Each structure stands twice: as C-alpha cells, then as structure tokens.
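Asks: below: sequence and its predicted model.
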Amino acid sequence: MRTVSDQNVQIARRTFDAIRARDIDGLVELYDADIEFEPLTGMQVEIGGYRGHAGVRRYFEEITHVWEVMLPHADDVRGVDDQVVILGGCAVRGRGSGAISDNPMAWVLTFRDGKVLRHRAYRSREEALDAVGLAA
C-alpha cells in the first residue's frame, strides 16, 4: 500500500520528467491551479516567482530564449509529510554562448490534494533540507 508521501514522491519525479521533456502541458497537469513556482532564474524571480498555470507557462517561454538545454536531475528524493525534497542538479547549455554547466541544486515541492502547490528551487542541498526540517 502506497502512502501519500510515496505518491507525492512519484508525482515529484514526474514533474522532472516533464521539465526534461519540455512537456509543459504535462507539467501543469501535476500542478495545482494556484501553483507558486519559484525557480532560481527568470524575469519574475525577484518579485516572488510565477503564479498559476499561466505563470508556469510564461516562465518556460522566457527560458527558451536563454537555455538551449535545461535538464534537471533528481539524485535523491525524499518525502516529508506534505513536501518532497529533491537533491540533485541542473545541466544547462546557454542558447547564445553554447556554454554547458551542471550545477548542484535542490528543490522542495509542497503538495495539496495530490497536486504540487509550491515548487521552489534552492542553490544548495542544505537550504532545501533546512526548509523541510531535516539536518543536512
């Protein structure tokens, strides 16, 4: 029998699959209509990120002009109550420069009724672990 936490972990993994495939329709199906999407890059990061399905779509339209390739990877995924912490990184290639990098990152996804309500990126594993109350 799968727990809610196990189900949330599976949904979190599916969000990464959708992002890697640039399947934004599939991604927003996993998100609550009131999604709070808080990436590390994008034009609206400084004002709190992107809201709702339209905001998520806007973010992915914006980054298309910046990143030719954006491949987040989830190396360690842990369910904690109504949250999932993802420790991994993101490989990117700049559209203009062609420069490739793979930076460590982490994310915390908060769930409500089987949908992602908040998707927040962190620059470090420690920050994400702290956000869900786990010691680094």
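Replies: Received, thanks.
Asks: could you report the pLDDT at the most centrally placed residue in the chain?
Replies: The C-alpha lying nearest the average C-alpha coordinate of the chain belongs to residue 119 (CA atoms, centre = their mean; 5.1 Å). pLDDT recorded at residue 119 is 97.
Asks: beta partners for it?
Replies: residue 37, residue 109 (DSSP bridges).
Asks: confirm for me that it is in contact with residue 15.
Replies: Yes. Using CB atoms under 8 Å, residue 119 is in contact with residue 15, at 7.0 Å. For every residue, glycine as well, the C-beta is placed using N, CA and C.
Asks: overlap in contacts of these two?
Replies: Listed contacts common to residue 119 and residue 15 are 31, 109; contacts here mean CB atoms under 8 Å, 6 or more residues apart in numbering.
Asks: quick one, strands of this protein?
Replies: 31-38, 50-51, 67-80, 83-94, 100-112, 115-122 (DSSP state E).
Asks: in CSV: those strands, plus distance to residue 135.
Replies: Listed next are the strands of the chain as CSV, based on distance: least, CB to CB, whole Å:
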stretch, distance to residue 135
strand 31-38, 23
strand 50-51, 30
strand 67-80, 12
strand 83-94, 12
strand 100-112, 14
strand 115-122, 15
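Asks: pLDDT weak spots in the protein?
Replies: For the chain, the stretches flagged by pLDDT under 70 are 1-2, 4, 42-47, 136.
Asks: which parts of the top helix by length along it count as buried, going by neighbours?
Replies: If you go by DSSP state H, the chain has its longest helix at helix 4-21. Neighbour counts over helix 4-21 (16 or more other CB atoms under 10 Å) mark 5, 8-9, 11-12, 14-16, 18-20 as buried.
Asks: between the residues you listed, which is closest to residue 88?
Replies: residue 16 (8.2 Å; CB to CB).
Asks: with that, I have no additional questions.
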